[in-house]
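*Asks:* here is my input; please provide its structure:
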Amino acid sequence: MKVGLSDIGTEGLHIVTIRKPEWLTNIPELVRDSEDMHLSSNIVFDLRLAKILKEINVSGTIRFSIGSLCARCLRNMDLPLSPQVNLVLSSVSTPQERNEDIDFETYKGEEFDLGNYLREIIAMSLPVKVLCREDCKGLCSNCGANLNLRICSCKDDWVDSRFTVLRDLKI
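*Replies:* Residues are numbered from 1 along each chain as shown. Here you go, the predicted structure:
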């Protein structure tokens, strides 16, 4: 997503654009239609750019959805994500007072490419573990029943047979 400095007028520049999942070249496993995690929508960018002297402020949101299995109950689900973009681009690399909520990058010339930065934001916004809901009860470890849908008849004191010898161990 290349932007020229001359494209940013005094009132700034508003970019609303859509990219297909294949655009995510840094996360090829999301593009493949797999059972694990995959992109289930296009990626929508809504960005505002403002030029202040030699700095360019980029802010906005990225919207997309991922399809995945719940980590506890294995239910298929779609998870909408909307990471925020807060970036300051500078033509000179000078140490500045750093704000943890704002990223700082440098650019050279009359054109810069936001593509790699936006791909990084998407990669960092992906959850480590996807849950269908916070209070998901998961599957019964004995019979495999989805505990969100029904209560199984397994006893609570069920013990893996491999550990029965430890039951009588006195410490």
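*Asks:* and the longest strand along the chain, what other elements does it pack with?
*Replies:* Assignment by DSSP state E gives strand 55-69 as the longest strand of the chain. Applying 3 or more Cβ pairs under 8 Å, 6 or more residues apart in numbering; DSSP states H and E, we find strand 55-69 packed against strand 38-39, strand 43-52, strand 76-81, strand 84-90, helix 115-125. Any C-beta I mention is one placed from the backbone N, CA and C, and that applies to glycine too.
*Asks:* show me what the third one is in contact with.
*Replies:* Around strand 76-81, the neighbours that count as contacts under Cβ atoms under 8 Å, 6 or more residues apart in numbering are 40, 62-70, 125-127, 130, 132.
*Asks:* among the residues you listed, which one lies nearest to Gly9?
*Replies:* Ile62 (23.4 Å; Cβ to Cβ).
*Asks:* hmm, that closest one is touching Leu87, no?
*Replies:* No. The criterion here is Cβ atoms under 8 Å, and Ile62 misses it with Leu87 at 11.9 Å.
*Asks:* low-confidence stretches in the protein?
*Replies:* 28-29, 31-35, 93-101, 156-159 (pLDDT under 70).
*Asks:* what's the domain layout of it?
*Replies:* 2-136, 137-171 (automatic domain parsing).
*Asks:* quick revisit: between the longest strand of the chain and strand 84-90, how many degrees?
*Replies:* 150 degrees (axes from the mean of the first three to the mean of the last three Cα atoms, to 10 degrees).
*Asks:* one step back: okay if I get the helices and strands packed on strand 55-69 as a markdown table plus mean neighbour count?
*Replies:* Converted to a markdown table, the helices and strands packed on strand 55-69 look like this (neighbours: other Cβ atoms under 10 Å):
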| stretch | mean neighbour count |
| --- | --- |
| strand 38-39 | 19 |
| strand 43-52 | 16 |
| strand 76-81 | 13 |
| strand 84-90 | 16 |
| helix 115-125 | 16 |
